[in-house]
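J.: Need coordinates for the following:
(one chain, ligands or ions: 2)
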Amino acid sequence: MTETRPRLTRRLAGFGTTIFTEMSRRATELGAINLAQGFPDFDGPEHVKSAAAAAIAAGHAQYAPMHGITPLHEALSESYARRYGLDYAPLREITVTSGATEAIFDSIAALTDVGDEVVLFEPYYDSYRASVCMAGAIPRTVTLRPPRFDFDPAELERAFGERTRVCVLNTPHNPTGKTFCREELEHVARLCIRHDVVCVADEVYEHLVYEGSHVPIATLPGMRERTVTISSLAKTFSLTGWKIGWALAPEDLTRAVRAAHQWVTFATATPLQHGAVAAVRSDESYFRALVASYRAKRDRLAGALADLGLEVYLPAGTYFVCAGFSRFGFDDDVAFCRHLIEKVGVAAIPPSAFFDDPADGRSFVRFAFCKRDETLEAAIARLQALRSHR
Ligand code: PMP
Ligand code: GLN
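T.: Ligands and ions are numbered 1, 2, ... in the order given. The predicted model follows:
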């Protein structure tokens, strides 16, 4: 009898199932309140849904152009110019993708050869490492450590070398809620310029900022020409299931992103792109109300966690709050999350999944607050059970 070969490549074998899928599955099984996977338990805006529904009714049912529909290019171009003073030409410098996740993979796949290196800040959104490995490139990580999640400038300098082609920058940052300050952005920019590296800027939380305002790294001197700026509908419009994202970059980098995109998905859901036009063109009042609502949720959950004796790292952005649990006597984040989901009835994310060395993430957990007030209140009520553990 011949032995069966392992079917999964070595590139992918180490990754297993994502922690988000795993925690959501267990939350459903155990009836726990899901503050783990970051998706809203409320609906997206009516004006966006009705624009997509109208597009379906009008028969926008065939392939969109590979790079995305023209009205969405125009809406994005105007929005980035107005908000950040960044000019991207419709049709030539914008690519619509199936979520930010695809744009990240397209960029990395198109800009690295086998054996090239990609700088990642850890904890990282888990798809970055997988994308780098699928491309045959090598991740070089720089660690953000609690409580401030700063990086060591010398460690960042050491991560850049001869073979570095891409640096992935995520600000506001998942899972820590950190927003990179101007000085940190300047440091990253200096190294990208010195080593002729492209910055892949994942800015999906650009609108969820509670302190100061969002600074796209592409606005720094010398960076527009070497940055792929990525965002999506998911967080800003509470539409994580739509999977509409985009990549903005100068023409040479856009050609690279599209070289991958055309073979990965070719084109993205046509009627949802029409919905995205209405989203991107939303009135300023929409964005203001979104931030105000999330600020209140952040303050409520962070306050309750602090009151229970967790060490809260108040996020400057995103819809996540991380907290240390040193007073509660658990070995690590996985053990604490197991207790939370099995005994307390609340699911959270153990961040060790986002580090090369899980030990670097063992001292804190991540809670998502993109949930209805009732859901947060129910979770906070259950979390009171932790008091007996202190
Ligand atoms: N980047 C980060 C940092 C995220 O947290 C997420 C959330 N899912 C994504 C990218 C993926 O975005 P999308 O759903 O648009 O693919
Ligand atoms: N971005 C979401 C989070 O961080 C989840 C994305 C996913 O499930 N892949 O929770």
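J.: so where's the longest helix in this structure?
T.: The helix that spans the most residues within the chain, counting by DSSP state H, is helix 284-307.
J.: Figure out how far the very next helix or strand once past that helix is from the centre of its chain.
T.: Downstream of helix 284-307, the next assigned helix or strand under DSSP states H and E is strand 311-313. Distance, stretch centre to chain centre, for strand 311-313: 21 Å (Cα atoms, centre = their mean, to the nearest Å).
J.: mean confidence score for strand 311-313?
T.: Strand 311-313 carries an average pLDDT of 98.
J.: who does it pair up with?
T.: Note on strand 311-313: by DSSP bridges, its sheet partners are strand 320-324 (antiparallel).
J.: what packs against the longest helix of the chain?
T.: Packing partners of helix 284-307 (3 or more Cβ pairs under 8 Å, 6 or more residues apart in numbering; DSSP states H and E): strand 311-313, strand 320-324, helix 373-383. C-beta: built from backbone N, CA, C; applies to glycine.
J.: Put the alpha carbons of it into CSV.
T.: Extracted C-alpha coordinates of helix 284-307, given in CSV (Å, rounded to 0.1, in the frame of the first residue of the first chain):
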residue,chain,number,x,y,z
GLU,A,284,-20.3,63.8,8.2
SER,A,285,-22.9,63.4,10.8
TYR,A,286,-22.9,59.6,10.2
PHE,A,287,-19.2,59.4,11.1
ARG,A,288,-19.6,61.7,14.1
ALA,A,289,-22.4,59.6,15.5
LEU,A,290,-20.5,56.4,14.9
VAL,A,291,-17.5,57.6,16.9
ALA,A,292,-19.7,59.0,19.7
SER,A,293,-21.5,55.7,20.0
TYR,A,294,-18.3,53.7,20.1
ARG,A,295,-16.6,56.0,22.6
ALA,A,296,-19.5,55.5,25.0
LYS,A,297,-19.3,51.7,24.5
ARG,A,298,-15.5,51.8,25.0
ASP,A,299,-15.9,53.8,28.2
ARG,A,300,-18.6,51.6,29.6
LEU,A,301,-16.7,48.3,29.0
ALA,A,302,-13.3,49.7,30.0
GLY,A,303,-14.8,51.1,33.2
ALA,A,304,-16.5,47.9,34.1
LEU,A,305,-13.3,45.9,33.5
ALA,A,306,-11.2,48.3,35.6
ASP,A,307,-13.8,48.1,38.3
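J.: buried stuff in that helix?
T.: Judged by neighbour count using 16 or more other Cβ atoms under 10 Å, the buried positions of helix 284-307 are 286, 290, 294, 297, 298, 301, 302, 304, 305.
J.: how far off helix 373-383 does it point, in degrees?
T.: 10 degrees (axes from the mean of the first three to the mean of the last three Cα atoms, to 10 degrees).
J.: what sits up against helix 284-307?
T.: With Cβ atoms under 8 Å, 6 or more residues apart in numbering as the test, helix 284-307 has contacts from 35, 45, 207-210, 236, 312, 314-315, 319, 321, 323, 367, 369-371, 373, 376, 379-380, 383.
J.: Ends of stretch 379-387, what's the gap?
T.: One end of stretch 379-387 sits 14 Å from the other (Cα to Cα, to the nearest Å).
J.: Spell out which residues of this protein are next to ligand 2.
T.: 18, 20, 37, 38, 174, 368 (Cβ under 6 Å from any ligand atom).
J.: okay if I get those residues as a markdown table plus neighbour count, secondary structure and pLDDT?
T.: What follows is the residues of the chain next to ligand 2, written out as a markdown table (neighbours: other Cβ atoms under 10 Å; DSSP: H, G, I helix; E, B strand; the rest coil; pLDDT from 0 to 100):
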| residue | neighbour count | secondary structure | pLDDT |
| --- | --- | --- | --- |
| 18 | 14 | coil | 93 |
| 20 | 16 | helix | 93 |
| 37 | 19 | coil | 95 |
| 38 | 24 | coil | 96 |
| 174 | 26 | coil | 98 |
| 368 | 26 | strand | 98 |
